[in-house]
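K.L.:
I'd like to go over a predicted model; first the sequence, then the structure.
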Amino acid sequence: MVAPVYNDDSVFENDDIDYTCQSLKAICHPVRIEILALVGNNAFNVQEIAELVGLSQSTTSQHLAVLRARDLLVTRKIANRVYYQVRNPRLLEFIEMMNEVFANPRATRTHWSRPEVGMANISRTSVHAAVAERM
């Protein structure tokens with residue numbers, strides 16, 4: 001059994017990590033990112049989304065099904081149409097952040113300074129040893 005991952009604020013259980021990874025896999029497709037960004041906090045039906053992304057309704061429905069399976073979208077049925085909306089607005093912030101970080105990674109550079117006292121002695125071996133102790 002793999003030990004939980006720890007940070008300063010919380011403990012992530014393995015199930016949480018697996019769920020997060022599966023959700024990221026669902027998001028990480030160009031069409032799905034585009035759908036999430038276009039839909040945003042608005043509600044659109046499949047036909048409207050298909051027109052916005054330039055795909056057939058069938059293909060769009062398949063992408064929407066993947067996003068719904070991970071609970072990333074909520075639906076509302078009005079008459080004979082199903083409307084889709086992003087469940088958590090923070091997901092939109094996350095997509096925006098991913099775009100800032102990955103679309104132009106050299107736009108923001110980290111300026112390294114001299115390591116703080118105690119940081120200078122960190123080596124790959126000591127990091128691996130610390131990880132092994134947790135397991």
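P.N.:
That came through, no problem.

K.L.:
what's in contact with stretch 26-34?
P.N.:
Stretch 26-34 has contacts (CB atoms under 8 Å, 6 or more residues apart in numbering) with 36, 53, 55, 59, 63, 66-67, 69-70, 72, 91, 95. To be clear about C-beta, it is placed using only N, CA and C from the backbone, and glycine gets the same treatment.

K.L.:
Max pairwise distance over these: which two?
P.N.:
Farthest pair in the contacts of stretch 26-34 (CB to CB) is T59 and L91. Separation: 21.7 Å.

K.L.:
Which one of the two is surrounded by more residues?
P.N.:
Just comparing T59 and L91: by other CB atoms under 10 Å the higher neighbour count belongs to L91, 18 against 13.

K.L.:
what sits against the more buried one?
P.N.:
L91 neighbours (CB under 8 Å, 6+ apart): 27, 36, 72.

K.L.:
where does this protein dip in pLDDT?
P.N.:
For the chain, the stretches with pLDDT under 70 are 1-12, 105-135.

K.L.:
All the helices of it, residue numbers only.
P.N.:
Assigned by DSSP state H, the chain shows helices spanning 14-27, 30-39, 46-53, 57-69, 89-103, 124-134.

K.L.:
What residues sit buried inside the first one?
P.N.:
Of the residues in helix 14-27, those buried by neighbour count under the rule 16 or more other CB atoms under 10 Å are 23, 26-27.

K.L.:
angle of that helix against helix 30-39?
P.N.:
90 degrees (axes from the mean of the first three to the mean of the last three CA atoms, to 10 degrees).

K.L.:
Likewise for the fifth one?
P.N.:
For helix 89-103 against helix 30-39, the angle by the same axes, to 10 degrees is 130 degrees.

K.L.:
what angle separates helix 89-103 from helix 57-69?
P.N.:
Here the directions of helix 89-103 and helix 57-69 differ by 110 degrees (the same axes, to 10 degrees).
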